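[1] Sequence plus predicted model, see below.
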Amino acid sequence: MKFDTIIIGGGLAGLTAGISLVNKGQKTLIVSSGQSALHFFSGSFELLSSSDNPFDAMKSLPVSHPYSKIGKDNILRLAGSAVPFFKSAGVTLSGESSHKRVTPMGFLKNAWLTSDGLLTVPADGTLPWKKAAVVNISGFLDFHSPFVCAGLEKCGLECREFAVTLPELEKLRHNPTEMRSTNIAKTLTGEVLDKFAAEIERVSAGCDVVILPAVVGIQDESECKRLCSLVSRPVKMVATFPPSVPGIRIQVQLKRQFCAAGGTFMLGDTVTEGVFEGGLLKGIYTRNHGDTLLTADNFVIASGSFFSHGLVAERNRVYEPVFGLDVLASDERGEWFATDIFENQPYMSFGLSVDNEFRPSLGGVTIGNLRAVGSVLGGFNPLKEGCGAGVAILTAMRVAELIS
Amino acid sequence: MEKERESIEYNFEQCIKCTVCTVYCPVVAVNPDYPGPKQAGPDGERYRLKNPLFYDEALDMCLNCKRCEVACPSGVRVGDIIQNARLKYGTKKPRLRDFMLASTDLMGSVATVVAPVANASLSLKPVKAVMDCTLGVDKHRTFPKYSSQKFVTWFRKHARKAQDAFPKKVSYFHGCYANYNFPQLAKDFVTVMNAVGYGVNLLEDEKCCGVALISNGFKKRATKQAQTNLAALREAVGRGEPVLTTSSTCTFTIRDEYAHILGLDNSDVRDSVMLAVRFLFNLVDSGKVKLVFREDFRRKIAYHTPCHMEKLGWGIYPVSLLKMIPGVDLTVLDSNCCGIAGTYGFKKEHYADSQKIGEPLFNQIKSLAPDVVATDCETCKWQIEMSTGYPVANPVSILAEALDIEATMKANA
Amino acid sequence: MVQEYDVIVIGGGITGAGVARDASMRGLKTLLVERHDLTDGATGRNHGLLHSGARYAVTDSESASECIRENMILRRIASHCVEQTDGLFITLPEDDLGYQATFIESCRKAGINAFAIDPKEAIRLEPSVNKSLIGAVRVPDGAVDPFRLTIANVVDAQLHGADVLTYKQVTSILKDDSGRVTGIGVTDLHTKQQTKYYSKIVINAAGIWGHGIAQMAGAQVNMFPAKGALLIFGHRVNNMVLNRCRKPADADILVPGDTICLIGTTSSRVPFEEVDNMNVTPQEVEVLMREGEKLAPSLASTRILRAYAGVRPLVAADNDPSGRSISRGIVCLDHETRDGIPGFITITGGKLMTYRLMAEWAVDLACKKLGVDRKCETAEVCLPGSSATPQEQPRVGTTIGQRAARGRHGERTSQISLSSDTDRSIVCECEEVSVGEVNYAIEKLGVTGLVDMRRRTRVGMGTCQGELCACRAAGLLAKADGCARKAISNVADFLNERWKGIRPIAWGETLCEAQFTSWIYEGVCGLNDSQEKRIQ
């Protein structure tokens, strides 16, 4: 089978690259071994959340950092196109002004683009409300009102905690482990959502705003919008523990957009081998397609970091498992970790070594038609710098430009 | 480069507890009594290794759709872990009903002989009521009709000889459905293969693939049948013939379940067993054959990806082939389980869940109002026809109808 | 008003817990004081092996006899803490098969029912065993959960009127003018508040830290810290204890315990300055892996959850200050006769297996001094949760969580509220810990934080090491004590405590899991130390 571009990895980076390429008329294939890290989404994309002025702070990043490789002007341009890019896939993001997201533990963290409907706090820390009703679902253990209240009270918001339930949700609670955000979201649709809205309306009387765990709207944004329209007070949501409903929604919408534009998405398949010839990747074999060689002019690897299995650590070795590409990593296990879990952990910055056009190398030889995007890249610490999503989106957009 | 992680033993340890599987389980969304794939699979397995007393009979509610495996980012064979646990630790004895539902070929052989009677009585209200009460087969369920002549009988009488004319040959694993219930599909397959210049051989000895035996707990019989099939497959592959199929579930069972659940080594034939649509697509894609379509063929088609097709990862083949037909307006339906899962939806205790699982799919089909729904699985066909009223056809049958057979034969002569 | 006790027991390990139980059962008014949490020292950092004594049979017949006697007692009185798995001592081609006969003979002399079995039979009994074995001896080894055993002893002590204080560090031993010990001064580790407690007798059962306690009282006990490192694997590879049939050496015991199995131990002397902060070195990990794979080859492909190390208190005989003649037996020191310090007793040496006997000796001595004539009954009376005739687990109609809880709390499970859907909801999915069980631990088992909760319920002890459950459990803690901030900082501490054990073995799936955990807590939740410091 022949494609213009084959992308390995169907998460945020892979889908961003995929949509950018199909939009340009490329015949594009995404091969994804399982669902992506968007399922553990915080509700906001971060650009460089360790800094209050991310675009300024980027100037002082080392040259090996993916942002430095994209270049300042490109970053400004591409970042500016992000909101309309996602809008075209049905993903509404707010990010006109600098703001902070509210985490499930009640912390405020700098955000770049936040999924519509989620609670954000402006940079100056002032909220337009005085009294909030923080409403959890009875028996839902992946959202803790006390944590969120403790955080919001620091912003001067008086919080009152409530828990609501419905017979349909009670049925779900019957299962000791499956009272999860996504199962709640699958329940809270149609008439059940109407009843849920009425309950919220009732308990939140006297409050200026309703704050909910993000457990509505798994397929698209319509149920969220409907809920907001059914309640007379503003309704804002806060991300929960995984699985993340807003994250899955974005995954579903991006994939839908990619396929609608003509892209092919193969889920649950794994690349088993690459065929290289003269410094170029000619084609790949996958587990499901056996002896069928999938060929393309260009390839993108967007296979993620360790927990997505884009990188693999053995006792004394870190490697990239798809092609065995060259990685930036130490072979001395003693150098992988810091003592305190909250220190800068060196292993977090491990990843592919690429040139300035994001081309990785194999045994020192740059592969001319292969590019790497997202968290499989080395040279940055997505957690400490707060730039995982920013790197995924912007490297993907940049690489899509470089390819066509 | 990536080492195949094939051994089921300890595969559950690859689970990093990310909960993605629970998002895609069709059962847990409709029935809270099912523990969910994470708990039933990797989490439960640790406990079962500690003490088999931790086995939970609720694992019977698993559809074996493998959507958890397709979704898992860590390569955990969640569905296999659950199926293996059911076979290893399950204490419930299979019922007569399970035996009847599982014995697709035995029941088929008997029913084909008395097809008119069987069909009439299986659709009679009193008979349905008796089956509901005494056997636990849900009365709402429409039984697939039995054909009065088996495909194999027809083939020997009318088609076998003509196959000698083709220098290139494929073998055909027809499966129980095409043999007993719907020989037209098998006939369509022969038509299409002949049109592109391939003669068809049947296997020396074909038994039911065993999928229903496995899901109903008859591991020993399933293993015996699988061994017979493997021997026949080896013989065909030894002749240099790929073994083609028209059922995604049989294909998946032979390729994956034989090794993963029955513990049989099928590695020598696995890659040679494939759906006809894959074989055809590869021939067309590589320019080895040409398909010539009728100009007057017009259809609005909705393609449903069966769960096991999703697991095979082969949806691209029927979809690409259907897209080649000029008069086809094709929509690929959202990937959702139809709820039938083989014999699962026939059982009284699962009927309600089965229909609820299929609801999003049925609704999408109804809102599209296609001329025909295309799918590669016979039990999906029954379920969708019964639940939506729309006709369902195998992509091979649609191809047979859409092809200008004579022109195609000429083009490939 | 100053409350006076008959006995103050220092140390909340298994020995201290056993002493507190025995003393309170004999009617003594007892206080147990622990510096951190119960089982924080060597008690929570060993194999959890219910020794048959076979391991010591050749080299130390006295210890071997003690072990088998206590082994049989624990099976009876601590049924919910013990798994009667039996064990194998295997001979590999590299070992001397001739040792087997000596071994069996020594076992028999010590009263241990050891008999040789055919290697094929050994493989049938324990399929994980190295198939190249050339000999096998079956012995009545088993597994004992030291957390459960300690908590059960403490609960029983409390039921008999004892008081228990945790997170209270002993900072002084009080004496009257005559030099008699009259009590202790303690500092609360959280509030830094200082308090004094008085008693007629102070029993030092502080393990390796007893060295310092004795010094506070003015006595010198020759102790030598011996570090032993172990690895925990992700699931039960073996269902019988596996040993090597040779002279005891490094990493030659593989013990199944609850949902996991453990390989250990290494043995090395460490300086006293290090005993509060044991780290497992890469070399120790290599040794444990190499030797472990010889017992059960599949360990090579089994996920490792943690590495940890405990410190055994080795005690030199009094007449040997050089420390060369180390005893592994029980050392009960009457400091009145030994050092002229009345009212002060040290009980040390020994091992997990003989804790009950150690307690008996110490309390016998205390009773003698107090003029109390009550016989020790700890060998006959079952611990709370255990029963002489344990009931078969109900199979149908119970959730996996209920079955798991029964394994942890035995008969006491009836005190866990599991009546509502909320109570039955699972907090820790790996170890099947329910909301009801967590609340029971908070209300009845003296839990102050997540680390304590882990020891009492196994929250966070499973494959994911707290990835989903830490926050859920913290939410319940916050609800119970009304302080969200404290609960959140507790999560940070808990994750670091888990990380300490993960770090030495973080490769493969373990590293994936660790990265995922950091992603959730630091990424999604925004938890990090600088924010923590801002809260403080």
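    Yep, it's here.
[2] Which single residue of the stretch 201-350 of chain C approaches chain A most closely?
    Taking CB to the nearest CB as the measure, the stretch 201-350 of chain C has C:Pro282 as its residue closest to chain A, at 6.3 Å. (Glycine included, C-beta is placed from N, CA and C.)
[3] again, but for the stretch 251-400 of chain C
    With CB to the nearest CB, the shortest gap between the stretch 251-400 of chain C and chain A falls at C:Thr399, namely 5.5 Å.
[4] cool, and the stretch 151-300 of chain B?
    Nearest residue of the stretch 151-300 of chain B to chain A, counting by CB to the nearest CB: B:Asp271, 4.8 Å away.
[5] and the residue nearest to that residue when sequence neighbours are not counted, backbone torsions?
    Spatial nearest neighbour of B:Asp271, chain neighbours left out: A:Gly290 (4.8 Å); criterion: CB to CB, 6 or more residues apart in numbering or on different chains. Phi and psi for A:Gly290, reported as degrees, to the nearest 10, are phi 50, psi -120.
[6] Kindly tell me how buried A:Gly290 is, as a neighbour count.
    A count of nearby residues for A:Gly290, using other CB atoms under 10 Å in any protein chain shown, gives 15.
[7] That one touches B:Val273, doesn't it?
    No. Applying CB atoms under 8 Å, one finds A:Gly290 not in contact with B:Val273, separated by 10.5 Å.
[8] returning to what we had before: list the contacts for the residue of the stretch 251-400 of chain C closest to chain A?
    With contacts defined as CB atoms under 8 Å, 6 or more residues apart in numbering or on different chains, the neighbours of C:Thr399 are A:Pro176, C:Arg424, C:Ser434.
[9] ok, A:Arg249 to A:Lys72 distance?
    For A:Arg249, the distance to A:Lys72 equals 32 Å [CB to CB, to the nearest Å].
[10] Can you give me the neighbour number for the nearest residue to A:Arg287 once chain neighbours are set aside?
    Setting aside the residues directly before and after it, A:Arg287 is nearest to A:Thr270 in space (CB to CB, 6+ apart), at 4.8 Å. A:Thr270 has 22 neighbours, counted by other CB under 10 Å.
[11] ok, now the one 4 residues further on?
    Using other CB under 10 Å, A:Gly274 is surrounded by 21 other residues.
[12] Next, the contact list for the closest residue to it other than its chain neighbours, please.
    Nearest in space to A:Gly274, with sequence neighbours left out and distances taken as CB to CB, 6+ apart, is A:Phe323 at 4.7 Å. Shown in contact with A:Phe323 (CB under 8 Å, 6+ apart): A:Gly274, A:Phe276, A:Leu281, A:Ile301, A:Leu362, A:Leu370, B:Met1.
[13] residues touching the most far-flung residue of chain C relative to its centre, list them.
    Centroid-distance maximum for chain C: C:Asp177 at 38.3 Å, with CA atoms, centre = their mean. Contact analysis of C:Asp177 by CB under 8 Å, 6+ apart lists nothing.
[14] Check whether it sits in a helix, strand or coil.
    coil (DSSP: H, G, I helix; E, B strand; the rest coil).
[15] Over to the one 5 residues further on?
    Taken by three-state DSSP, the conformation at C:Thr182 corresponds to strand.
[16] same question, A:Arg160
    Here A:Arg160 takes the strand state, with states given by three-state DSSP.
[17] Pop the domain breakdown of chain A in here.
    According to automatic domain parsing, chain A is divided into the following domains: A:2-91+A:250-403, A:119-238.
[18] want to throw the ones you listed into TSV with mean pLDDT?
    Supplementary listing: these in TSV, determined by pLDDT from 0 to 100:
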stretch	mean pLDDT
domain A:2-91+A:250-403	96
domain A:119-238	95
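[19] For B:Lys356, find the nearest of those domains.
    Proximity of these to B:Lys356 was assessed by CB to CB; the nearest stretch is domain A:119-238, lying at 11.2 Å.
[20] Off-centre distance for that closest one?
    Put simply, domain A:119-238 sits 22 Å off its chain's centre (CA atoms, centre = their mean, to the nearest Å).
[21] And for stretch B:212-224?
    Taking the mean C-alpha point of stretch B:212-224 and that of its whole chain, the gap between them comes to 16 Å (CA atoms, centre = their mean).
[22] where's A:Leu311 relative to chain B, distance?
    12 Å (CB to the nearest CB, to the nearest Å).
[23] again but with A:Thr292, I slipped
    In terms of CB to the nearest CB, A:Thr292 sits 6 Å off from chain B.
[24] show me what contacts that residue?
    Here A:Thr292 is in contact with A:Met1, A:Tyr285, B:Asn282 (CB under 8 Å, 6+ apart).
[25] Keep only those of those residues that are in strands.
    A:Tyr285 (DSSP state E).
[26] Dump the contacts of A:Thr292 to a markdown table, plus neighbour count.
    Putting the contacts of A:Thr292 into a markdown table (neighbours: other CB atoms under 10 Å in any protein chain shown) gives the following:
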| residue | neighbour count |
| --- | --- |
| A:Met1 | 20 |
| A:Tyr285 | 16 |
| B:Asn282 | 17 |
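[27] Quick check: closest non-adjacent residue to residue 48.
    Went with chain A since none was named. Leaving aside its sequence neighbours, A:Leu48 sits nearest to A:Pro54 (CB to CB, 6+ apart; 3.7 Å).
[28] You answered for a different chain; I wanted chain C.
    C:Gly257 (4.6 Å).
[29] cool, C:Ser518 as well?
    Beyond its immediate neighbours in the sequence, the residue positioned closest to C:Ser518 (CB to CB, 6+ apart) is A:Leu383, lying 6.0 Å away.
[30] can you count the residues close to that neighbour?
    With other CB under 10 Å as criterion, A:Leu383 counts 23.
[31] Okay, now the unreliable bits of the stretch 301-413 of chain B?
    When residues are selected by pLDDT under 70, none of them lie in the stretch 301-413 of chain B.
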